[in-house]
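A.B. asks: the sequence and its predicted three-dimensional model are supplied below.
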Amino acid sequence: MKYTTGLQRFWNKLQFMERRSTLPFPHTFEHFRKLIKENNRALEIMADMGAKMGGEFVFDRTYIASSTEKVAESVYTMIYHLDCMVPGKFHSLFPVYNRIRADLDSELSGELVIPEGDDIIGYEHIDDTLATLVGGKNGNLGVLTSLFDIRVPRGFAITTHCFDKLLRQGENGERVRNILQQWEEGRPTVDASRELEQFICGVTLPRSISKSISRAVAAISSHSHRKEDLRFVVRSSAIGEDSEHSFAGQYESLLNVTPSEVCDAYLQVVASLYSPRAMEYRRRNNIRESEAVMAVGVQEMIAARVSGVVYSLNAFEPKKDQLLIASTFGLGADLVGGKQPADQFHVSRKPPYEIVGMDLVHKSTIIKRRKNGNGVRTLALNSRLRDRPSLQVAEIRKIVDTAMRLEKYFRHPQDIEFAIDENNSLVILQSRLLNIEQSAPTLICDFSELGEGFPLLLDGVGDVVHEGVGIGIVHNVRSEEELDVTPQGAILVAHFSSPSFARVLQRVNGVITDIGSPIGHLSTIAREYRIPMLINTQQATKILKTGMEITLDAKERRVYGGLLSELCYYQFVEEPFEQTYEFRVLRRLLKKINPLTLVDPAASSFKPESCKTLHDLIRFVHEKSVEVLVESNFANDGFLKTHSRTLQLDIPLDLTVIDFGLCRGKGCSGPLTLESVKSAPLQAFAKGMCIEGLWERTPVEVDMKSFMSSMTKTFTTNAADPRFVGQNLAVTAGDYMNVSLRLGYHFSMIDSICSERAMENYVYFRFFGGVTDPKRRSRRGRMIRQILIAHDFMVASKGDLVVGRIKGASLHATLEKIGILGALVSFTRQLDVKLVNEALVSQYVERFAQIKAQSSPAEEVAYGKQ
Amino acid sequence: MESNEQLRILVLDDEPIVTKRLKPILMQKGYYVETFVKSSEALERFRTHPFDLVITDLKMEGIDGMEFLSEVKDMKPETEVIVITGFATMETAKESFRKGVLDFLAKPFTFGELLAAVAKAEERRGIGGA
């Protein structure tokens, strides 16, 4: 912090030390308890917001604004309580919070705020949440880049932030505004336009910008095999909702630009923002000049052997249910306008997508780029090629697969520009929503008749994870092997929604499971990839068998026998909900709220300044608060000295218990037996831990590699006074319990309220850290995750950080879950060392279930007594 | 589907996203649907056209939802009303039910919840073979 001068820092430290030593434990604990409450509340709302992305819910801006507000307030309250626990120590959390909060507020305001950002962003770092920074076209290409197995030209966006700096700020900005003002006061458009264009083309780019551009150009060049021959396409990428169509063709688009000329080309494209036509257009449509900003895309120019366009639905003859491909040799500069003759290929939209017809034309010319200098030229086509089809069958297949995938992803028929490069690989140049408005009426039959003649296999069962229609052939998955052979365009049907399905999700048309969690990992990915997904159908695997042709309508929670393509058309008529303003805003907000980038508390980057999202802040504050509690000074704190007792257990675990209920006011000492524990959740937990056969008594041999990584780990995490490290602490107060354990080298925390009022009940479990290498740790993470999921926990995990939550369960059920956590903690104490291969994960999951099952009857009785 | 058998639904919410998403889903179910984002316009339309069911938000500019549904019930008491609101409190819920509202949904709600409420309205009207 700037204001924290050396003197002040010293003063703060002094104050902090003083206050820390005087803060009584009950005070610290009270803040901790409130902090945990906010922690739970924030995660609850975040999960709720995430679930809204599936499309099944109707929500409005009020919801978006109030949920965002609530999460942010909870996070602020957490920071406040942490600050009360250790005054001043984490003061830098406040400015970090304020920065994230300001970002969220500016998203919510809905105005065209040019976000802070880089001047240049590579396509690989772009997604559609960056649209106001990079423009629609670049945003779209960025999204395509992220899709697996789809090649798009390498490229980068020159952002609106760069534009803002260059032409809206400083002297340049003043100059532009002056000319515009003259124009608004009556200066002829042509005149003002000429001066503006000349001025902009003559601007000298600041070094920071030109350097960034040349660096980005060099990066592309280093990846390209066409070194000297490398050329670029430089074109505008418009900002705003409908600008894509209305501005189409108004701005400059430059082909075949040499690397050294990219900067000039950028200025030339930007200058076209002030072409007479564009200026008149804005005047006519009441678009204020202050809203006129431009992002530019710079892409590697593909040396196209063949160019073409594919409509994933032939909108001219929609009844035929076909894709339409038009292609020609060379560049397709005039293809889109229809000025170039092109071959046409007609392909069935039903899997396996048969080619049903071709119309070949005589092609006498070819467009090629100029070898020297800019631009393109038209030449005579080699006579041998003139009557040959421009695409081979294998190429058509690839194009069709890609087009259907993109249609599925964008949930609307697509109008796609493509090229086949000199290495015969398919490159997607652009994919946009196909305008099917005119053909919509002929596409749509009466909805009530839809589905007639198609048996209804499932009706109204299950929970919608992501809505939408998917047609395809059933593929049952019961094992990893079956998962690996999932065919393109299949509907994946499984008993359980396993996170491992994520790796084939891109190629399926839908997912149906018997059971699953709507906020689990797979659900999040399904929403991200926009795959129709229905879970908790109970019976899907009994009815839907490999090879069956089915249609999944996730929105209606129905599955039909047969391929009902009309249903797809029906959903095309609506605007895909992902395109609505509210969804886009929610997605942008969630990006600043939900991702967890801060994982490893042992890393040097684990500090307030590294927090990028609200989730990061939550994680950081939570981690630190637990640390404060566990590392409380038991030797010197008067309260702790008199109120803490050691719990006697059948297992060699040193657990300190502070029971606010048991010894209110007066101190009590001596060891505590399990029977005299008053807290029901602590009893359940301790009994779970002591289940026979769980606590590994034989010492586990730690191999050298594991040992070394454990050494580094313990040294970095346990920098505090060694006397108090490893304190296992349970704090209980009435129906509340908080347990922090350091077993082996990992750390777990259980926080719970367990009362007769089911609505208030919750269990929060967090597991982190451990001996051994990251691979084994993440195996253990996966194992814990599987066990938690099997016991109805809602689970979020990253690496070996696993968080499981249950809320609103009855007293009996909540105690049972706490017992399971006790057992789990015992069971996993040293397991990470043993998890030497992947297969062991499921073996251990099974073994846990067995031990648990054997011990259950006795436990039932124990709970009955509570 | 004969139009005189169709349940006629008026949807009023000042946030366009709500009407935009409700309309297609209700139409798919074979209902006749008109949507409004301004309560004055909705009221104007209701005066001259009969609707069997009104789905309305509560908190709106101008004539608010409570006032709107009171007017609707005064004019045509047999009209069923479903309230959808982002500010669900016990008080507003109680007041709504006192005014004869059929169902009260807190936003955000799922399509399933809404359709169940609409089906209830349909049943009450005796449309659909009852």
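C.D. replies: Everything's here; your move.
A.B. asks: which residue, other than its chain neighbours, is closest to A:A72?
C.D. replies: Spatial nearest neighbour of A:A72, chain neighbours left out: A:R101 (5.5 Å); criterion: CB to CB, 6 or more residues apart in numbering or on different chains. Every C-beta, even on glycine, is put in place using the N, C-alpha and C of the backbone.
A.B. asks: how much space between A:T828 and A:R776?
C.D. replies: Noted for A:T828: a distance of 12 Å to A:R776, by CB to CB, to the nearest Å.
A.B. asks: what about stretch A:94-111, average pLDDT?
C.D. replies: When pLDDT is averaged along stretch A:94-111, the result is 85.
A.B. asks: do the helix ranked longest in chain B and chain A meet at all?
C.D. replies: Counting residues, the longest helix found in chain B (DSSP state H) is helix B:111-125. Yes: Helix B:111-125 lies within reach of chain A by CB under 8 Å from any CB of the partner chain, at B:F111, B:G112, B:L114.
A.B. asks: please report phi then psi for the spatially closest residue to the first one that is not a sequence neighbour.
C.D. replies: When the adjacent residues along the chain are set aside, B:F111 lies closest to B:I25, with 5.4 Å between them (CB to CB, 6+ apart). Dihedral pair for B:I25: phi -70, psi -30, per degrees, to the nearest 10.
A.B. asks: contacts only, for B:I25.
C.D. replies: Neighbouring residues of B:I25 by CB atoms under 8 Å, 6 or more residues apart in numbering or on different chains: A:K555, B:F111, B:L114, B:L115.
A.B. asks: rewinding a little: what's in contact with the longest helix of chain B?
C.D. replies: Applying CB under 8 Å, 6+ apart, the external contacts of helix B:111-125 come out as A:56, A:58, A:555, A:557, B:7, B:9, B:22, B:25-26, B:29, B:31, B:52-53, B:55, B:80, B:82, B:84, B:102-103, B:105, B:128, B:130.
A.B. asks: now these: which count as buried?
C.D. replies: Among the contacts of helix B:111-125, those classed as buried by neighbour count (16 or more other CB atoms under 10 Å in any protein chain shown) are A:56, A:58, A:555, A:557, B:7, B:9, B:22, B:25-26, B:29, B:31, B:52-53, B:55, B:80, B:82, B:84, B:102-103, B:105.
A.B. asks: which sections of chain B are below the confidence cut-off?
C.D. replies: For chain B, applying pLDDT under 70 flags the ranges B:1-4, B:127-130.
A.B. asks: ranges for the helices of it?
C.D. replies: B:16-28, B:39-48, B:65-75, B:90-98, B:111-125.
A.B. asks: tell me which of these lies nearest to A:Q727.
C.D. replies: Nearest to A:Q727 among these is helix B:90-98; the distance by CB to CB comes to 45.2 Å.
A.B. asks: domains for chain A, by residue range?
C.D. replies: Domain assignment for chain A by automatic domain parsing gives A:22-109+A:590-625, A:120-300, A:304-436, A:451-563, A:631-865.
A.B. asks: span of the second one from start to end?
C.D. replies: This means domain A:120-300. By CA to CA, to the nearest Å, the extent of domain A:120-300 from end to end equals 15 Å.
A.B. asks: again, but for stretch A:99-118
C.D. replies: 17 Å.
A.B. asks: now the residue lying closest to A:N761 once chain neighbours are set aside: how far from A:C754?
C.D. replies: Excluding the flanking residues, the one nearest A:N761 by CB to CB, 6+ apart is A:T814, at 4.7 Å. Distance of A:T814 to A:C754, computed by CB to CB: 5 Å.
A.B. asks: quickly list what's touching both of those two.
C.D. replies: Residues touching both A:T814 and A:C754 (CB under 8 Å, 6+ apart) are A:P681, A:N761, A:V763.
A.B. asks: show me these that map onto strands.
C.D. replies: A:V763 (DSSP state E).
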